[in-house]
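> Quick one, what's the 3D model for this:
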Amino acid sequence: MLENYSSNHPLDNQYTGKHFFDFINEFRINNAKTPLKEQAQLTVLEVVYKVGFNSKSSCYTTFKKETNVMLIYYT
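As a prediction, this is how the structure comes out:
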């Protein structure tokens, strides 16, 4: 379903100021911050998958873009 999504849709950034996938990734990163800081029993990889990323590399890239901190230094 999402593979047919057009990132040029006029409603994309009308409310959020971001494209759809940027909004979703920001949401995922914000959801990852608390477990990364507070739940030592979870590995970084477990948190990455739990918040909805399909790969570690895409999470690491997005995390750096959103926070200006590398994920390995955030924890």
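
> any low-confidence regions in the chain?
By pLDDT under 70, the weakly predicted segments of the chain are 1-16, 75.

> If you count neighbours, what's buried in the helix ranked longest in it?
When the chain is parsed with DSSP state H, its longest helix is helix 20-38. The neighbour-count check on helix 20-38 (16 or more other C-beta atoms under 10 Å) flags 20, 22, 25, 28, 29, 32, 33, 35, 36 as buried. Glycine gets a C-beta too; all of them are placed from N, C-alpha and C.

> before we move on, what about stretch 60-75?
60, 62, 63, 66, 71.

> Include secondary structure and distance to residue 47 when you put those into JSON lines, please.
As requested, the buried residues of stretch 60-75 are arranged in JSON lines below (DSSP: H, G, I helix; E, B strand; the rest coil; distance: C-beta to C-beta, whole Å):
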{"residue": "60", "secondary structure": "helix", "distance to residue 47": "12"}
{"residue": "62", "secondary structure": "helix", "distance to residue 47": "13"}
{"residue": "63", "secondary structure": "helix", "distance to residue 47": "11"}
{"residue": "66", "secondary structure": "helix", "distance to residue 47": "15"}
{"residue": "71", "secondary structure": "helix", "distance to residue 47": "9"}
